[in-house]
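Chemist: Following is a predicted model, sequence given first.
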Amino acid sequence: MATPYPTPISLSKTCIGWTDIGLMGSPMASHLLSVGHSFSIYARDPSKALQLQSKGVCLINSQQDLAKISDIFFTIISGPPDVCSIILGPQGVLSSLNPGGVIVDMTRNHPALAREIFKPARKKDSWSIDAPVSSIDVGAREGRLAILAGGDIIQWLSPLFRIMGKHMYVGEAGCGQSCKIGNQIVGSANPLGLSEALTFAERAGLDLKKVLEGIRRGSAGNMIMELFGPGGFAESLVKDLGMGLDLLESEEERAVALPGASLCKQLLCGMIANGDEKLGLQGLVTVIERINDIQK
């Protein structure tokens, strides 16, 4: 380690660690590498690291070893069980992170788990930030992610966040994940309304292209319409909405009635039951069509 917090981040001296290297993680890491940051990675599947290795990135054998040499350790993995194991497990990142070291978890995670990571990190004079992203893989490739950051020292991390997209401080530890869940609730409800509108228009014998253009020009038009195509998988979105609905059962959270999110989750489960788990939000229209006995 050369520049742990609060030493300012240095292009040549700050040591960045990263796991995992997948659909989102690889382009995000590549942006940091492209501006000259010192970089090492841990990959559970080493074959996914080959492209970054060809650019000079060092592959480390374990997350523990990587944490020992990292000023800042980024994680973007599959969900809460992996986050718990990789960060909090006996062989996890936190067990080896040095004082002043910073964990930045960009995974879709549960707010309570983000707070659970933050507390032991502070006890050992380290830091933990929950910073999930709002966008699809195109946003990661083009450096246009919306980064929803919860926790302290966000300003210190801003030089790195700006390379990957635009960041916003949304509150204390766990708030980034809560904001992400809110984003997913809105992001799921809009395509559901659009799916029903298109099904209604089709039954009415309308030209669907003209219907879409009419909606786009009116007050119902929004960015979700432009993303009405491949995006987050249905199986991932079910987990995201499930985390919001699970808050109703948590002693740490106030009960919130989320009937729309519950309905969206059930319809996404219908997609999965129909074998469409790898479709994005645009696949909701297939469920609405089946309910209305529209065969395609």
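Modeler: Noted; the coordinates are in hand. Please read all numbers here as calculations on a predicted model, not as lab measurements.

Chemist: What residue in this protein is the furthest from its centre?
Modeler: Gly205 (39.1 Å; C-alpha atoms, centre = their mean).

Chemist: buried residues in the helix-or-strand element of the chain with minimal mean pLDDT?
Modeler: When each helix and strand of the chain is scored by mean pLDDT, DSSP states H and E, helix 223-226 comes last, with a mean of 73. Residues of helix 223-226 classed as buried by neighbour count (16 or more other C-beta atoms under 10 Å): Ile224. Where C-beta positions appear, they are placed from N, C-alpha and C, glycine not excepted.

Chemist: which other residues reach that helix?
Modeler: Helix 223-226 is contacted from outside by 187, 190-191, 194, 212, 215-216, 281, using C-beta atoms under 8 Å, 6 or more residues apart in numbering.

Chemist: What are the phi and psi values at Gly218?
Modeler: Note on Gly218: backbone dihedrals following degrees, to the nearest 10 are phi -100, psi -170.

Chemist: Around it, how many other residues sit close by?
Modeler: Residues lying near Gly218 (other C-beta atoms under 10 Å) number 8.

Chemist: for Gly17, same thing?
Modeler: Neighbours around Gly17, by other C-beta under 10 Å: 28.

Chemist: Please list only the buried members of the contacts of helix 223-226.
Modeler: Among the contacts of helix 223-226, the ones that count as buried by 16+ other C-beta under 10 Å are 187, 190-191, 194, 212, 215, 281.

Chemist: which element follows the least confident helix or strand of the chain toward the C-terminus?
Modeler: helix 234-246 (DSSP states H and E).

Chemist: and for that next one, what are the contacting residues?
Modeler: The contact list for helix 234-246 (C-beta under 8 Å, 6+ apart) reads 79-80, 108, 110-111, 177, 180-182, 184-185, 188, 232, 258, 261-262, 264-265, 268-269, 271-272, 276-281, 283.

Chemist: Just give me how far it sits from the chain centre.
Modeler: Relative to its chain's centre, helix 234-246 lies at 12 Å (C-alpha atoms, centre = their mean, to the nearest Å).

Chemist: and the angle from the helix or strand just after that helix to helix 234-246?
Modeler: Downstream of helix 234-246, the next assigned helix or strand under DSSP H and E is helix 259-273. Helix 259-273 and helix 234-246 are oriented at 150 degrees to each other (axes from the mean of the first three to the mean of the last three C-alpha atoms, to 10 degrees).

Chemist: buried set for whichever helix in the chain runs longest?
Modeler: If each helix of the chain is counted by residues according to DSSP state H, the longest one is helix 175-203. Residues of helix 175-203 classed as buried under the neighbour-count rule (16+ other C-beta under 10 Å) are 175-181, 183-185, 187-192, 194-195, 197-199, 201-202.

Chemist: What of stretch 272-286?
Modeler: Quick answer for stretch 272-286 (16+ other C-beta under 10 Å): 272, 276-277, 279-281, 283-286.

Chemist: what does stretch 75-90 give?
Modeler: For stretch 75-90, a neighbour-count test (16+ other C-beta under 10 Å) marks 75-77, 79-80, 82-84, 86-88 as buried.

Chemist: This completes my enquiry, with thanks.
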